[in-house]
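Student: what's the 3D shape of this:
(one chain, ligands or ions: 2)
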Amino acid sequence: MQLQQVEIFALRMRLRHPFETSFGREDDREFLLVRARTQDFVGWGEVTVSHDPFYSYETVATAQSVLYEYLVPWALAAPIAHPDDLGARCAQVRGHQMAKAGLEGAVWDLYAQELGLPLARALGGTRDEIEVGISIGIEPTADLLLRQVERFIGEGYRRFKIKIKPGVDYDRLKAVRDTFGDIPMMADANSAYTLQDLPLLQRLDELGLMMIEQPLSYDDIVDHAELQRQLHTPICLDESIHGTDDLRHAIALRSGRILNVKIGRLGGLSAAKRSHDMCQAAGWPVWCGGMLESGVGRLHNVAITTLPGFTLPGDTAASSRYWEEDIIEPEVTVSPQGTIRVPDLPGIGHAVREDLVRSLAHAHWALRR
Ligand code: OSB
Ligand code: MG
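Tutor: Residues are numbered from 1 along each chain as shown. Ligands and ions are numbered 1, 2, ... in the order given. As a prediction, the model looks like this:
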């Protein structure tokens, strides 16, 4: 395919419920959308950055700059035979995985449309329905957390992930366990602990969590290996895996036993698919993480989750969990059984509300061939 034009939109969308993690609180989501056009089709990708460099070093500003100065001009310069090829063309830019992933996502959407296939099928996915869980932020009080969990149990979600940070950890999780019994439950620390916290982390073992996500530093795989040796609860890696090389090292070091696949953090759908394959070979289950995506990124997450190694429910909740009004039509909905139907139309499979995107965008850039 030959791209004719690529546009970048900077959006700010108000979250229905503020989302707090150990690294901070988000009231508004700020991110970028990529719209790529060929002669015949339009494809969309989401750059899952935030305003602040707290989850990762990438921000709206760095991603916009890297896309505009390097990645988009390179993507426009010559035909793209397969979306997998874009990674090599962009490899001279070190890192900036979310920027790369947003552009590659639009190219994957175009590629699937050219084949006349749903994105899930173009990726090799087999499921037509996926199981989903929910990620619950740090609530101001234990009582408010219990109310959230109760609500989401009622909505059918299949797994409950609860954010923790030092001082808001064991007691909160214990309260959920005592109130709701044997529900599938896990914790996400977003790198808030160190090996010094070993006694506390070992105490979490008694709660029977499915896993603990990223307890230690955002770039560590060595201390995680030491911690995993001393914990029964499986460690799931998020922040510290930025591509297939990091993953290979983490598998070799046994830094955990589960991978949170985030398309943005891994550098795109092609790298996410390869990570899935490596985890299958290593016996690591995977699930799809989230970055509070708009409908565009959400549909990419639905598509990757159809691969066979995604055996645990992910964080891909319904559009209405995040937004008063999503930018896709129809929105992503979750059944009372905690499942999402995989779209069967070509590409991402839902229409993007372009007028709404343009009216929400506070900045816009366009590059042509
Ligand atoms: O650590 O998985 C995370 C949101 C923003 C940044 C990091 C994370 C998260 C979530 C929310 O857990 C997942 C979602 O509901 O999209
Ligand atoms: Mg996480």
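
Student: What's the local residue count around the closest residue to residue 345 other than its chain neighbours?
Tutor: Nearest in space to residue 345, with sequence neighbours left out and distances taken as CB to CB, 6 or more residues apart in numbering, is residue 118 at 6.5 Å. Using the backbone N, CA and C atoms, a C-beta is placed for each residue, glycine as well. Residue 118 has 24 neighbouring residues, counting by other CB atoms under 10 Å.

Student: Just to check, residue 118 is in contact with residue 342?
Tutor: Yes. Using CB atoms under 8 Å, residue 118 makes contact with residue 342 at a distance of 6.8 Å.

Student: Name the residues contacting each of these two.
Tutor: The contact sets of residue 118 and residue 342 overlap at 303, 349 (CB atoms under 8 Å, 6 or more residues apart in numbering).

Student: Now do the host helix or strand of residue 364: which elements does it pack against?
Tutor: Secondary structure assignment for residue 364, by DSSP states H and E: strand 361-368. Using 3 or more CB pairs under 8 Å, 6 or more residues apart in numbering; DSSP states H and E, the elements in contact with strand 361-368 are strand 5-21, helix 72-77.

Student: how is the chain carved up into domains?
Tutor: When the chain is parsed with automatic domain parsing, its domains come out as 5-116+353-368, 122-341.

Student: just to revisit the earlier point, show residues contacting the strand holding residue 364.
Tutor: Contacts with strand 361-368, where a contact means CB under 8 Å, 6+ apart, come from 4-12, 33, 64, 68, 72-73, 76, 358.

Student: Now do that strand against strand 5-21, angle only.
Tutor: If you take axes from the mean of the first three to the mean of the last three CA atoms, to 10 degrees, strand 361-368 sits at 150 degrees to strand 5-21.

Student: which stretches of the protein have low pLDDT?
Tutor: Across the chain, nothing is flagged by pLDDT under 70.

Student: For ligand 2, what's its nearest residue on it.
Tutor: Scanning the chain for proximity to ligand 2 using CB to the ion identifies residue 238 as nearest, at 3.6 Å.

Student: In three-state terms, label the residue in the stretch 1-150 of the chain positioned nearest to ligand 1 for me.
Tutor: Closest to ligand 1 within the stretch 1-150 of the chain is residue 135: 3.7 Å, counting by CB to the nearest ligand atom. For residue 135, the assignment made with DSSP: H, G, I helix; E, B strand; the rest coil gives strand.

Student: wait, it sits on residue 291?
Tutor: No. Counting by CB under 8 Å, residue 135 does not reach residue 291; the two are 10.2 Å apart.

Student: And the residue of the chain closest to ligand 2, how close does it get to residue 55?
Tutor: From residue 238 across to residue 55, the span is 9 Å (CB to CB, to the nearest Å).

Student: Pick out whichever of those two has more residues nearby.
Tutor: Using other CB under 10 Å, the more surrounded residue of residue 238 and residue 55 is residue 55, with 24 against 21.

Student: neighbours around the closest residue to the more buried one other than its chain neighbours, how many?
Tutor: Leaving out its chain neighbours, the residue that sits closest to residue 55 by CB to CB, 6+ apart is residue 23, at 6.4 Å. By the criterion of other CB under 10 Å, residue 23 has 17 neighbours.

Student: rewinding a little: please name the residues that touch the residue of the chain closest to ligand 2.
Tutor: 188, 190, 213-214, 260, 262, 265, 289.

Student: Considering only those residues, which also neighbour ligand 2?
Tutor: When contact is defined as CB under 5 Å from the ion, the contacts of residue 238 meet ligand 2 at 188, 213.

Student: Just the ones of the contacts of residue 238 in helices?
Tutor: Members of those lying in helices (criterion: DSSP state H): residue 265.

Student: Buried subset of the contacts of residue 238 as a PyMOL selection?
Tutor: In PyMOL, this line selects whichever of the contacts of residue 238 come out buried by 16 or more other CB atoms under 10 Å:
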select buried, resi 188+190+213+214+260+262+265+289
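
Student: what about the spatially closest residue to residue 311 that is not a sequence neighbour, neighbour count?
Tutor: With sequence-adjacent residues excluded and distances taken as CB to CB, 6+ apart, residue 311 is closest to residue 285, at 4.8 Å. Neighbour count of residue 285, defined by other CB under 10 Å: 17.

Student: swap in the one 5 residues further on?
Tutor: Residue crowding around residue 290 was assessed by other CB under 10 Å; the count is 23.

Student: Equivalent analysis for residue 1, please.
Tutor: 19.

Student: swap in the one 4 residues further on?
Tutor: Applying other CB under 10 Å, we find 15 other residues in the vicinity of residue 5.

Student: In contact with it, which residues are there?
Tutor: Residue 5 touches 36-37, 76, 366-369, counting by CB under 8 Å, 6+ apart.

Student: The nearest residue in space to residue 183 that is not next to it in sequence - how many residues pack around it?
Tutor: Using CB to CB, 6+ apart and skipping the chain neighbours, the partner closest in space to residue 183 is residue 160 (5.9 Å). Neighbourhood size, residue 160 [other CB under 10 Å]: 22.

Student: Quick check: nearest residue in space to residue 79, chain neighbours excluded?
Tutor: In space, residue 79 is closest to residue 2, 4.6 Å off (CB to CB, 6+ apart).

Student: The one you found is in contact with residue 36, isn't it?
Tutor: No. With contact defined as CB under 8 Å, residue 2 does not count as touching residue 36 (10.8 Å).

Student: Looking at these two, which is more packed in?
Tutor: Counting neighbours by other CB under 10 Å for residue 2 and for residue 36 shows that residue 36 has the greater number, 26 against 11.
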